[in-house]
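1. Build me a structure from this.
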Amino acid sequence: MAARNESRNGESLKVLTANRLGDGAVVFLTNDNGWSRSLHRARLAEAGDTRALLDAAGRKAVAACQVVGPYLIDVEARDGEVVPTRLRERIRAFGPTVRPGPAGRAA
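-> Numbering: from 1, shown residues only. Predicted structure coming up:
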């Protein structure tokens, strides 16, 4: 699916995120109802019915003890990549906003 900022009905695009139960890693629901650490493999939800399916998949994964705390986040397309709209979710998806070491430089 091509990355876009909004669905056909003007609502923002969403993906389902959670934490994997085994190791706490941030994961995203994929098109095959699996979980990936890569946001770029995440299934995009456009309409309310698709979002309801993602929510149901999240509840099922919780019941199966695969993930905890699933919820939908807003995403948008930036330079052909899917990016969360909120800073908190960008940090969860891509890591810290600064690199370790003196003055933000890599050690």
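
2. Quick one: mean pLDDT over the longest strand along the chain.
-> Ranked by number of residues, the top strand in the chain under DSSP state E is strand 67-78. Per-residue pLDDT over strand 67-78 has a mean of 95.

3. quick one: it to chain centroid distance?
-> 4 Å (CA atoms, centre = their mean, to the nearest Å).

4. List the pairing partners of it within its sheet, with orientation.
-> strand 13-20 (antiparallel), strand 81-84 (antiparallel) (DSSP bridges).

5. Looking at those strands, spot the one closest to T50.
-> Closest to T50 of the strands paired with strand 67-78 is strand 13-20 (CB to CB; 8.5 Å). Any C-beta I mention is one placed from the backbone N, CA and C, and that applies to glycine too.

6. and that closest one, how far out from the chain's middle?
-> Relative to the centre of its chain, strand 13-20 is centred 4 Å away, using CA atoms, centre = their mean.

7. and that strand, which residues are buried?
-> 13-19 (16 or more other CB atoms under 10 Å).

8. which stretch in the strands paired with strand 67-78 has the least confidence?
-> The bottom spot among these, by mean pLDDT, belongs to strand 81-84, with a mean of 93.

9. remind me, longest helix of this structure?
-> Counting residues, the longest helix found in the chain (DSSP state H) is helix 48-63.

10. hmm, who's touching it?
-> The contact list for helix 48-63 (CB atoms under 8 Å, 6 or more residues apart in numbering) reads 14-16, 18, 29, 33, 35, 43, 45, 67-68, 70-72.

11. one more time with 10 Å
-> 7, 9, 11, 13-18, 20-21, 27, 29-30, 33-35, 42-45, 47, 66-72 (CB atoms under 10 Å, 6 or more residues apart in numbering).

12. May I see the buried residues of that helix?
-> 51, 53-55, 57-58, 61.

13. Any chance of JSON lines for the strands paired with strand 67-78, columns distance to G95?
-> Output for the strands paired with strand 67-78, formatted as JSON lines (distance: least, CB to CB, whole Å):
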{"stretch": "strand 13-20", "distance to G95": "14"}
{"stretch": "strand 81-84", "distance to G95": "13"}
